[in-house]
Each structure stands twice: as structure tokens, then as C-alpha cells.
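got a sequence here, can you build the structure:
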Amino acid sequence: MMHTSKEEEKMVEEALSEIKRGTAEIIDFERIEKLVKRYFENGENYYVKAGFDPTAPDLHFGHTVLLQKMAVLQKYGAIVQFLIGDFTGTIGDPTGKNETRKKLDKQTVLQNAQSYKEQVFKVLDAKKTEVMFNSKWLDELGASGIIELTTTFNVARMLEREDFEKRYKSQTPISISEFLYPLLQGYDSVAMKCDIEMGGTDQKFNLLMGRHLQRVYNVGKEQAVVMMPLLEGLDGVNKMSKSLGNYIGVTDKPSDMFGKILSISDDLMWRYYELLSSKSIDEINSLKDGVKNGKIHPKKVKEELAMELVMRYHSKEAAKKAKDEFDNVHK
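Model (predicted):
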């Protein structure tokens, strides 16, 4: 067994605190620790799964919280399995929903996958990302495979899931296909043999299902789970969403993106730094200290964040131009 040097231990520790940063909840952190250590010791990669809807992405900064964390994991040895739920998308995820979704055809799904790539590779490293479609293994599963899958979990446990429980109590219909959704999402983890699955806090039930099924199907590993919080929108109160209009879109024009970031409160600015910036924890802390003891003006710190994000989604030139325009207007 290789003994880690002091230097290596320090690197592992730094990596783990960056991975932990801003997370809402992590299940089985010990597993993540092992994976990261192994990467630093012998360069061994591990697999991180995150599932996305097959509908066309119209991503805002709230969605990028997850991508940002995936990019951090890529820095420390992860291969991201970017899963497009083209099979499950035909059922529709019942999480927080009360009506059924419309189905998409193959062609549309592939077009949507393309537009995902255009947007997410501004955050993720394309060389360390595998785009996958769950129809690949779920089509093959067939009727007998699906029936076998339903024997791995019982109805009483299914009804413990918060939104199912509410609907059951209020006598709102739940279709059997909706019970299948978490099972199929969990089965993706069996097929993909992932080490970690990521999602929002609202996905906890489905994410734990992956752990359960990897155990049932003897995959030889149980995925750790990393849950990210929902980002507050520009108002600092409600979660960022298109319908509330409190969002910053990934495809917003540079000047709009810059202006919106500068419009957030000084408190919210730190939240955005924590969840969206590529700056390290130490760098952010020294900015905080600077603001606290009056050495740096908060507006200056906000500008720095705006520059970073506009550069990420557009370019250095675009960020500079947006800043100049903003300064001219707000002289």
C-alpha cells in the first residue's frame, strides 16, 4: 500500500472541502473520501452521475449550481456521466408535479441533447464527460425486467415519498407508471455503475433508490449521494425560476447578465460566490475579510463575480465591454 505524503494529504483535504462546499446534504461522505484519495494516490477515476430532462434546456444559474459542483469533482478525478433521461422522459418525473407530461420523439431528444452540450460545456470539461441516454438499457430491460424491478420495493415504502404521501392522503390519483419512475431512475445507477449521484434536495427519494438498487443487483458498490441546494433568485427570497422572473439565464446577453448580478444584495452575493464561483474557499474568505474591515467595497467584489460569470458564458472581451457599458450608465 502506498503511503500518502503530507503534501498529498493536504491536497486531499483541500479537494474534500471544495467538494463539500455549499452542499445541502451528502450521504456516505466516507465513500467520496476514498475515491478522492485513490485518485490522488494512483490517478484512478470514478464516475459521477447526474440526470437531465430530455426537454430542451433553457438553463439559468440555478441549474448551474449542480454543473459547477460536477466541474469541481472533475478536477479531482471524476468522469461525469451526463444522463439524458430520454426513456424516463416519456413517463415524466412525478416529483412536485400533478399533471402528466407530453412525450418527445427521438429526433427532438437528440436536438435537445445537442443544445445541452452547447450550454453545459461552458462549465464542464468535455474530455471528462460522457453523455448517456437511458433508453439504451431501459429499452432492453423489457416487460419481464421491469416486473422484476418492481419486486425490489414495496408500495408502503413508495408512499413514504413526500409528494406521493400528500397525493394519497388527499385522494389525488397516482398512476402506477409514476411509481415506476424512481425505480427506473435507480436502475440507471445499476446500469451505469456510478460511484456518486448528484441532484437537488427535492430528488432525495430517487437518489436513495439508486443506492438501494445497486445493493439489490449486486453492483459491488453503493453510490454516495450529493445533494445541492436550490439557488435563491435575484430577489433573495424565492428560488430562482423562469416563471418568477428572478433568474439569470445562461444565454442572457453579457450586459444583462452583468447588470443582474450587480443588482443582487450584498448578502446574496456571498451565496452566489459559494455556489457559482470557481474561486477557492480561501480566496472567497479573504474577499469577505476585505469587505468586513472596509478595505474592499462590496460593489467591487460583486463586479469581480459578474466578470467571472460573464467570462464563463461569453468571453473576456464581452465581460469587459459589459462592465464599461454598466459603468457609463451608472456614473
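
tell me if residue 103 really is in a helix.
No: counting by DSSP: H, G, I helix; E, B strand; the rest coil, residue 103 is not found in a helix; it is coil.

not counting sequence-adjacent ones, nearest residue to it?
Nearest-residue entry for residue 103: residue 90, 4.9 Å, with adjacent residues in sequence omitted and distances by C-beta to C-beta, 6 or more residues apart in numbering. The C-beta positions use only the backbone N, C-alpha and C, and glycine is treated the same way.

one more: residue 39?
Using C-beta to C-beta, 6+ apart, the closest residue to residue 39 is residue 77 (3.0 Å).

how about the contacts made by the one you found?
Applying C-beta atoms under 8 Å, 6 or more residues apart in numbering, one finds that residue 77 lies in contact with 35, 36, 38, 39, 40, 43, 44, 45, 46.

burial check on the first one, number of neighbours?
To tie it back to what came earlier, the one meant is residue 35. By the criterion of other C-beta atoms under 10 Å, residue 35 has 23 neighbours.

now do the contacts for it.
So residue 35 contacts 46, 77, 195, 196 (C-beta under 8 Å, 6+ apart).

how many neighbours does residue 195 have?
Neighbours of residue 195 using other C-beta under 10 Å come to 24.

with the one 4 residues further on instead?
The number of residues packed near residue 199 is 20, by other C-beta under 10 Å.

in this structure it contacts residue 65, no?
No: with contacts counted by C-beta atoms under 8 Å, residue 199 stays clear of residue 65, the gap being 11.0 Å.

need the residues touching each of these two.
Here residue 199 and residue 65 have residue 228 as joint contacts, going by C-beta under 8 Å, 6+ apart.

circling back to that earlier point, so the residue nearest to residue 103 is in contact with residue 108, correct?
No: using C-beta under 8 Å, residue 90 makes no contact with residue 108, being 11.5 Å away.

the more surrounded of the two?
More crowded of residue 90 and residue 108, by other C-beta under 10 Å: residue 90, with 17 against 14.

remind me which residues of the stretch 201-331 of the chain are low pLDDT?
Scanning the stretch 201-331 of the chain for pLDDT under 70 picks out nothing.

now the helices: where do they sit in it?
204-216, 254-262, 266-276, 281-292, 298-313, 316-329 (DSSP state H, counting those that start in this stretch).

closest one to residue 123 among the ones you listed?
With C-beta to C-beta, the closest approach to residue 123 among those belongs to helix 298-313: 7.0 Å.

so the closest one versus helix 254-262, what angle?
With axes from the mean of the first three to the mean of the last three C-alpha atoms, to 10 degrees as the basis, helix 298-313 and helix 254-262 are set at 140 degrees to each other.

in the one helix or strand residue 108 maps to, what counts as buried?
Assigned by DSSP states H and E, residue 108 falls within helix 106-120. With burial defined by 16 or more other C-beta atoms under 10 Å, the residues of helix 106-120 counted as buried are 109, 112, 113, 116, 119, 120.

which ones are touching the residue minimising distance to the centre of the chain?
For the chain, residue 66 is the residue whose C-alpha lies nearest the centre (C-alpha atoms, centre = their mean; 2.2 Å). Going by C-beta under 8 Å, 6+ apart, residue 66 touches 50, 198, 199, 200, 228.

those in strands, which ones?
50, 198, 199, 200, 228 (DSSP state E).

of these, which is the most crowded?
With neighbours taken as other C-beta under 10 Å, the top of the ones in strands among the contacts of residue 66 is residue 198, carrying 25 neighbours.

now the ones in strands among the contacts of residue 66 in JSON lines, with distance to residue 12?
As requested, these are exported to JSON lines (distance: C-beta to C-beta, whole Å):
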{"residue": "50", "distance to residue 12": "23"}
{"residue": "198", "distance to residue 12": "20"}
{"residue": "199", "distance to residue 12": "25"}
{"residue": "200", "distance to residue 12": "27"}
{"residue": "228", "distance to residue 12": "22"}
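
looking at the residues you listed, spot the one nearest residue 277.
Closest to residue 277, out of all of the ones in strands among the contacts of residue 66 and judged by C-beta to C-beta, is residue 228, at 14.6 Å.
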